[in-house]
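>>> Quick check, what structure comes out for this input:
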Amino acid sequence: MAPSREALIAHLIATGMAGPVATPRENNLAHYWRLAQRDPGFLFGLDIGPEWDVDAIFDLMVRKVGVDSRRDFRRGLDTIDPERTVAALDRYAARFDKAIRERQRVLFATGHPKTLTRLYQRLAAALVEAGGSAVEAGAGAVWEDQTHYGVQRLHIDYFGGVANLMATRGAIHTHSAVPIRLSLEALRAAGEPWPDLVVADHGWCGGAAQAGIDAIGFADCNDPALFVGEELGTVAVAVPLDDGIDAEKYDLLGEYILGRD
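This is a model prediction of the structure:
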């Protein structure tokens, strides 16, 4: 049985997943500006129109995420409205429920391997148990790219049905849409259909959505691209929450998604 809406909201606030969050306001504003400048690292693989300047992005994040609406608030910790989180999570759960009921082919992937892999593994296991398929495409694809540690040799690997981007030191955080593009190209080359749904975040989600696939994802208040994508109708669902807390704290979200009527 799913936790109640009230219990979920209490959990979101208690864990810092929503409500007052640890993300600095100055970081949020800097990322909104970088998206407005069409910085590839913040587009998450999405094409957005010229109307998305920094003011339009800020206004959207106030409306969709619940960041502080004061334009003169420049420093300090920002907020995510837990009511908006749960409303988006309801849409996310409804789309995932369709995947389970119709036994769809779903690709699971994350740019936050340390924090979100565990939750996606639980969703993947539930899908497979119901007769659906967790698509594993592009495993072993190798390329070189710029990371926080300089240019590194990267590859895709799957853990419990969930794709991570791997470097020499292990799974790494990424905003890049290159991995999902390579995964989709691997399916095309093998003559296999693309997934019915991608459950992901960052560039994995945005790149899939831009390719025309249903994509649902989590996004922090400093990651505006998926919310712009949702507003444009490209991303199916973007759920606002802090995506960098301890992995086990997302377990209740799994219960809510899988137990929702």
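
>>> close enough to count as contact, Ile172 and Met166?
Yes - using CB atoms under 8 Å, Ile172 is in contact with Met166, at 7.1 Å. Every residue, glycine included, has its C-beta placed from N, CA and C.

>>> quick one, helices of the stretch 51-200 of the chain?
Taking DSSP state H, counting those that start in this stretch, the helices of the stretch 51-200 of the chain run over residues 54-64, 82-101, 113-129, 178-189.

>>> of Ile172 and Met166, who's got more company?
Met166 (21 against 18; other CB atoms under 10 Å).

>>> Could you give the bridge partners of that one?
His155, Ala171 (DSSP bridges).

>>> Which among the helices of the stretch 51-200 of the chain is found nearest to Leu197?
helix 82-101 (5.0 Å; CB to CB).

>>> could you dump that closest one to PDB, C-alpha only?
Below are the C-alpha coordinates for helix 82-101, written out as PDB (Å, rounded to 0.1, in the frame of the first residue of the first chain):
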ATOM      1  CA  PRO A  82       6.400  19.700  -1.700                       C
ATOM      2  CA  GLU A  83       2.900  20.100  -3.100                       C
ATOM      3  CA  ARG A  84       4.300  20.600  -6.500                       C
ATOM      4  CA  THR A  85       6.600  17.600  -6.000                       C
ATOM      5  CA  VAL A  86       3.700  15.300  -5.100                       C
ATOM      6  CA  ALA A  87       1.500  16.600  -8.000                       C
ATOM      7  CA  ALA A  88       4.300  15.900 -10.500                       C
ATOM      8  CA  LEU A  89       4.900  12.500  -8.800                       C
ATOM      9  CA  ASP A  90       1.300  11.600  -9.300                       C
ATOM     10  CA  ARG A  91       1.700  12.200 -13.100                       C
ATOM     11  CA  TYR A  92       5.000  10.200 -13.000                       C
ATOM     12  CA  ALA A  93       3.300   7.300 -11.200                       C
ATOM     13  CA  ALA A  94       0.400   7.300 -13.700                       C
ATOM     14  CA  ARG A  95       2.800   7.100 -16.700                       C
ATOM     15  CA  PHE A  96       4.800   4.300 -15.000                       C
ATOM     16  CA  ASP A  97       1.700   2.400 -14.100                       C
ATOM     17  CA  LYS A  98       0.700   2.400 -17.800                       C
ATOM     18  CA  ALA A  99       4.100   0.900 -18.600                       C
ATOM     19  CA  ILE A 100       3.500  -1.900 -16.000                       C
ATOM     20  CA  ARG A 101      -0.100  -2.500 -17.200                       C
END
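
>>> Check what contacts that helix and list those residues.
5, 8-9, 12-13, 17-19, 64-66, 104, 106, 123, 126-127, 130, 132, 196-197, 199, 214, 216, 236-241, 253, 256-258, 260 (CB atoms under 8 Å, 6 or more residues apart in numbering).

>>> quick one on the thing from earlier: format the helices of the stretch 51-200 of the chain as a markdown table; extra columns: distance to Arg71, mean neighbour count and mean pLDDT.
Listed next are the helices of the stretch 51-200 of the chain as a markdown table, based on distance: least, CB to CB, whole Å; neighbours: other CB atoms under 10 Å; pLDDT from 0 to 100:
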| stretch | distance to Arg71 | mean neighbour count | mean pLDDT |
| --- | --- | --- | --- |
| helix 54-64 | 7 | 17 | 98 |
| helix 82-101 | 20 | 18 | 98 |
| helix 113-129 | 31 | 20 | 98 |
| helix 178-189 | 35 | 19 | 97 |
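
>>> Identify the residues contacting Val142.
Arg153, Leu154, His155.

>>> Okay, and the beta partners of it?
Going by DSSP bridges, Val142 forms beta bridges with His155.

>>> most neighbours, which of the contacts of Val142?
Counting by other CB under 10 Å, top hit in these: Leu154 with 21 neighbours.
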